[in-house]
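>>> Need a 3D model of the sequence below.
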Amino acid sequence: MSQSPLVTRSEIRKRKEEQERLAEEQRRAAERAYEKREKEISNVYRKELKKNKPVTKSRSSERVKQKERSSFLNKAIIIVLLLLIVVMLLVFFV
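Got it, this is the predicted structure:
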């Protein structure tokens, strides 16, 4: 009477395949969790970069621009007033 083995080769192979499948699923789940965490971290830093934009303007340059704009507008107003006065003189005295 020969004794049959307690666990057959096919049973061992099935168990091994099942363990490999479970290990692969766990690895994928861990990888997904890692990628999700990385994405959250990168979003935080992206928001920080948006908040702290580098300064490209200075007060002095803005003041110079404002002064130039102001002088241009003043000149334009003076020219328009002079033209208006000329038109009014032509209308009243001609």
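>>> Quick one: neighbours of residue 3, just the number.
5 (other Cβ atoms under 10 Å). C-betas here are computed from N, CA, C, even on glycine.
>>> centre of the chain versus whatever helix or strand residue 28 lives in, how much separation?
Counting by DSSP states H and E, the element that carries residue 28 is helix 9-51. In terms of Cα atoms, centre = their mean, to the nearest Å, the centre of helix 9-51 is found 26 Å from the chain centre.
>>> helices or strands next to it in the packing?
Judged by 3 or more Cβ pairs under 8 Å, 6 or more residues apart in numbering; DSSP states H and E, helix 9-51 has no packing partners among the helices and strands.
>>> 739 is where my numbering starts, stick with that
That works, and once the first residue is 739, the last one we named lands at helix 747-789.
>>> pLDDT of the helix or strand that comes right after it, averaged?
Sequence-wise, the next helix or strand downstream of helix 747-789 (DSSP H and E) is helix 797-831. Averaging pLDDT along helix 797-831 yields 96.
>>> State the distance from residue 768 to residue 829.
Relative to residue 829, residue 768 is positioned 88 Å away (Cβ to Cβ, to the nearest Å).
>>> How about residue 813?
As judged by Cβ to Cβ, residue 813 and residue 829 stand 25 Å apart.
>>> Ok, residue 814 next?
23 Å.
>>> Find me the pLDDT at the residue most central in space within the chain, would you?
With distances taken as Cα atoms, centre = their mean, the residue of the chain nearest its centroid is residue 784 (5.8 Å). Residue 784 carries a pLDDT value of 81.
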